[in-house]
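Trainee: what follows is a predicted protein model with its sequence.
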Amino acid sequence: MPPVLTESPKTIVAVLTSARSAAPDPRVDAVLAAFRRQWLAIARRRYPTLRDDVEDAIQNALVKLLDVDKLATLKDTALIEGWARSVFVHTVLDLIRERQREHRRRAEVGIRRDDDPEDLLRDLPSPTPTPEETASERERLRIVTRCIGGLEVARLKFVDGLPDKEVAARRHLTRDAVAGQLKRFRKTLRKALGETDEELS
């Protein structure tokens, strides 16, 4: 896998760490966009049936990548790209497991999902973005960062990787309340990203 950027791994970590500070490094968007392209290529090759879930996984992984506490677990900055890929892959696997659990729950109540696996291969985004897509991508990344900042339930779920039951216990909520908050978060995020795409189109 080619390197994300020409900057040193130490510089990349410093850029990522600055994202939540009062004065983010101006290269943050470029670094995140490069990681996103790399992860998208991985998803196309290894998880071709994810379709729209790819964007969810990438957004969740980018949120984790910007978390200072998560970055602090990286012991060797030279391993940042491999470590970031691991964060993304684990995020994908978590998402796949969650979708499988959802599918089983649907099956238990007699709700069928008739997705054709071949249909899931269609409409995957190109790994080489146009200038318009690049501009949209940068704005989407800013929105992801802003949306996650004030939502503790989303941070516990997507950054800390806690199951809904544990999130509920920590926030003194029911699992239904946690599911509702996460649903609203995803809806708000998708709406914000959709409006941004319309503005840039």
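Mentor: It's in.

Trainee: by mean pLDDT, flag the weakest helix or strand of the chain.
Mentor: The weakest-scoring helix or strand in the chain, judged by mean pLDDT, DSSP states H and E, is helix 131-149 (a mean of 64).

Trainee: ok, and what's touching the following helix or strand past that one?
Mentor: Downstream of helix 131-149, the first helix or strand assigned by DSSP states H and E is helix 152-154. In this structure, residues lying in contact with helix 152-154 by CB atoms under 8 Å, 6 or more residues apart in numbering are Val63, Cys147, Ile148, Val167, Arg171, Leu173, Val178, Gln181, Leu182, Phe185. Heads up, the C-betas are built off the backbone N, CA and C, glycines and all.

Trainee: what of stretch 70-78?
Mentor: Pro9, Lys10, Ile12, Val13, Leu16, Thr17, Lys64, Leu65, Ile80, Trp83, Val87, Val159.

Trainee: before we move on, the earlier item: mind putting the contacts of helix 152-154 into TSV with secondary structure, distance to Arg36 and neighbour count?
Mentor: Listed next are the contacts of helix 152-154 as TSV, based on DSSP: H, G, I helix; E, B strand; the rest coil; distance: CB to CB, whole Å; neighbours: other CB atoms under 10 Å:
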residue	secondary structure	distance to Arg36	neighbour count
Val63	helix	12	21
Cys147	helix	16	18
Ile148	helix	16	23
Val167	helix	26	23
Arg171	helix	29	14
Leu173	coil	31	16
Val178	helix	27	24
Gln181	helix	25	19
Leu182	helix	22	18
Phe185	helix	20	17
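
Trainee: in TSV: the residues you listed, plus distance to Ile42.
Mentor: Below are the contacts of helix 152-154 laid out as TSV (distance: CB to CB, whole Å):
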residue	distance to Ile42
Val63	18
Cys147	24
Ile148	22
Val167	27
Arg171	32
Leu173	34
Val178	29
Gln181	30
Leu182	25
Phe185	25
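
Trainee: which one of the residues you listed sits closest to Ala41?
Mentor: Ranked by distance to Ala41 (CB to CB), those are led by Val63 at 20.0 Å.

Trainee: ok so, going back, ok, and the most crowded of the contacts of stretch 70-78?
Mentor: Ranked by neighbour count (other CB atoms under 10 Å), the contacts of stretch 70-78 have Leu16 at the top, with 26 neighbours.
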